[in-house]
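[1] Could you work out the structure for the sequence below:
(one chain, ligands or ions: 1)
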Amino acid sequence: MAESDADDGERIAVGSASAAPGTLDRGWLAVADLPTRGAERLPVAVANGTEDGATLWLTGGVHGDEATGVAVVQDAVTALANGDRLADLAGAVVAVPVVSPAGLRRNARETYYADEDPNRHFPDADAESARPPRLQERIDARLYAAITGGTAGAADTATGTEVDAAPGENAAADALIDCHTAGVGSAPFVIRDRVPCGDRRTEDEAAALSDELGRIVDAFGFPTLREYPAAEYVEETLQRSTAGAVLNEAGIPAFTAELGAHSVVDDELVDAGVAGIFGVAVELGLLASDWVPATVGEPGEGVDPAPVDFPVRRYRGPTTDVSGLVRHRVAAGDQFDEGDVLADVVAATGAERGEVTADRDGYVLGRAEGLAAYEGDPIASLAVRDDGDLVVPRETDEN
Ligand SMILES: [Zn+2]
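    The predicted structure follows:
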């Protein structure tokens, strides 16, 4: 970790936010030129402690409709920089509450640049394309450069633009938490990515990185899901998500927090998310342990931080074999066994059409949105038993 630690007494800057030791500063990181002139700018807050230590990055709003994640990042950096706490902070917190301003403007997951998911365009050295990178990929590369203390490579800016050519100074991350929300009625959880080994890192190095990741994931105190298995992970381009790229490409511990449902700020989960970030800050040595709120490990009323006693992974399914209207028999938090019926599918007349059963043990994260389901559609988002490994060979030819 020492390599990227802020040295005692150094100013930390990201874009126009520049914080001397013992101060908080807010500003903007310019990441793209707009056709209407002016720049697309990401909001930034830098809380720089008085003492040397790790740098924790907090990102939110890469999906423009995920309100609670934005609020968690805003409130966490404000709380961490509040009064005595900033004086006692050993290290720094860099917060980017809205990673996708273009998504926020339309209150939608995708931006209007090319209707793309901004969370699938972060750098991946194995992702080859004959075409020059489009705007979203350039924006993600510029933010990634600020997070990792590097340069934006192919997306480096031409002269004469308003884009920040040097995105950060002494700001490289030692850990990152990317704050999201999931579907309607979703239970809160965190996603722990598997760490691939191969040409980037040996199996031992991957295991050490995975252990480091496990420590901060545990400190957050939410129910933990392992990410999809390797092939599905790459198929979904999750190695190019914010946390996926920072973890896989840069080798920095990073995870995704899913803070309930989208579109409306859930105040209880804001408190729980901020508490989780304090837990991680303590684990990283940024704060003395007596700063940990009592609510760490209590991610909300009626939410069990460990609903089942076996490891689980993220699973979108099971799928229905028949088209119809879905009537769920289960809701978020409910446990089930393999073979249990999770939903009925009925015709619009009300006549029975079929049942959808669980193909593994687990519990429900949330019901799929939408009353209508077509054959092959998943009817829920689940946490299911995981028998896989946390360190996996990287399947480079899957791309
Ligand atoms: Zn999201």
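[2] what are the phi and psi angles of Y363?
    Torsion angles at Y363 (phi, psi; degrees, to the nearest 10) stand at phi -140, psi 160.
[3] And the one 4 residues further on, by the same measure?
    Reported as degrees, to the nearest 10, the phi and psi values for R367 are phi -80, psi 150.
[4] Also D193?
    In terms of degrees, to the nearest 10, the main-chain angles of D193 are phi -70, psi 150.
[5] Can you tell me how far the residue lying closest to it once chain neighbours are set aside is from the ion?
    The shortest distance from D193 to any non-neighbouring residue, by Cβ to Cβ, 6 or more residues apart in numbering, is to E227 (4.5 Å). For glycine as for every other residue, the C-beta is placed from the backbone atoms N, C-alpha and C. Distance, E227 to the ion, by Cβ to the ion, to the nearest Å: 14 Å.
[6] My guess is E227 contacts L238. True?
    Yes - E227 is within contact range of L238, at 6.6 Å (criterion: Cβ atoms under 8 Å).
[7] who touches the residue nearest to D193 in this structure?
    I191, R192, D193, R194, Y233, L238, R313, R314 (Cβ atoms under 8 Å, 6 or more residues apart in numbering).
[8] Please flag which of those sit within strands.
    Secondary structure from DSSP state E places I191, R192, R313, R314 of the contacts of E227 in strands.
[9] Quickly note the distance from the second one to A208.
    Taking Cβ to Cβ, to the nearest Å as the criterion, R192 is separated from A208 by 15 Å.
[10] Who are the contact partners of D65?
    If you count contacts by Cβ under 8 Å, 6+ apart, D65 has them with G103, N107, A108, R109, H262, S263.
[11] Return a PyMOL selection command for the buried portion of these.
    To isolate the buried subset of the contacts of D65 in PyMOL, counting by 16 or more other Cβ atoms under 10 Å, use the following:
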select buried, resi 103+108+109+262
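[12] Can I get stretch 370-388 in CSV? Just the C-alpha atoms.
    Output of stretch 370-388 as CSV, limited to C-alpha atoms (Å, rounded to 0.1, in the frame of the first residue of the first chain):
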residue,chain,number,x,y,z
GLY,A,370,-42.5,-5.8,-14.7
LEU,A,371,-45.7,-7.8,-14.6
ALA,A,372,-45.3,-9.2,-18.0
ALA,A,373,-42.7,-11.9,-18.6
TYR,A,374,-41.7,-13.5,-21.9
GLU,A,375,-40.4,-17.1,-22.1
GLY,A,376,-36.7,-17.0,-21.1
ASP,A,377,-37.1,-13.9,-18.9
PRO,A,378,-35.6,-14.1,-15.3
ILE,A,379,-38.3,-13.6,-12.7
ALA,A,380,-36.0,-12.5,-9.8
SER,A,381,-32.6,-11.4,-8.6
LEU,A,382,-31.3,-14.0,-6.2
ALA,A,383,-28.4,-14.9,-4.0
VAL,A,384,-27.7,-18.6,-4.6
ARG,A,385,-25.2,-21.1,-3.2
ASP,A,386,-21.7,-20.6,-4.6
ASP,A,387,-19.3,-23.5,-4.9
GLY,A,388,-16.8,-21.6,-7.0
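[13] Next, the buried residues of it.
    Neighbour counts over stretch 370-388 (16+ other Cβ under 10 Å) mark A373, D377, I379, A380, S381, L382, A383, V384, D386 as buried.
[14] What's the mean pLDDT across it?
    In this model, stretch 370-388 has an average pLDDT of 97.
[15] What of stretch 149-168?
    pLDDT averaged over stretch 149-168 gives 71.
[16] What segments of the stretch 51-200 of the chain are strands?
    Using DSSP state E, counting those that start in this stretch, the strands found in the stretch 51-200 of the chain span residues 51-60, 90-96, 168-169, 175-182, 189-192, 195-197.
[17] Which one of those strands lies nearest to the ion?
    The minimum distance between the ion and those falls on strand 175-182, with 3.4 Å, by Cβ to the ion.
[18] coming back round to it: between R192 and A208, which one's more packed in?
    Per other Cβ atoms under 10 Å, whichever of R192 and A208 has more neighbours is R192, with 24 against 15.
[19] Specify the beta-bridge partners of the more buried one.
    Counting by DSSP bridges, R192 is bridged to R226.
[20] Contact partners for it?
    Contacts of R192 were listed using Cβ under 8 Å, 6+ apart, and they are L213, G214, V217, T224, L225, R226, E227, F255, L390.
[21] ok so, going back, going by distance to the ion, which of the contacts of D65 wins?
    Nearest to the ion among those: R109, at 6.9 Å, using Cβ to the ion.
[22] Flag every residue of the stretch 51-200 of the chain that's near the ion.
    For the stretch 51-200 of the chain, the residues in contact with the ion (Cβ under 5 Å from the ion) are H63, E66, H180.
[23] And for V77, nearest residue in space, chain neighbours not counted?
    Once flanking residues are discounted, V77 sits nearest to A95: 3.8 Å by Cβ to Cβ, 6+ apart.
[24] From what I see, that neighbour and T55 are in contact.
    No - the pair A95 / T55 is not scored as a contact, 11.4 Å apart, by Cβ under 8 Å.
[25] Give the residue spans of the protein that score low on pLDDT.
    Along the chain, segments meeting pLDDT under 70 span 1-8, 152-160, 395-399.
[26] at 50 instead, please
    Residue ranges of the chain with pLDDT under 50: 1-7, 397-399.
[27] Okay, domains of it per the record?
    Domain ranges of the chain: 2-291, 312-385, per automatic domain parsing.
[28] of the buried residues of stretch 370-388, closest to the ion?
    When the buried residues of stretch 370-388 are compared against the ion (criterion: Cβ to the ion), the nearest one is S381, at 12.5 Å.
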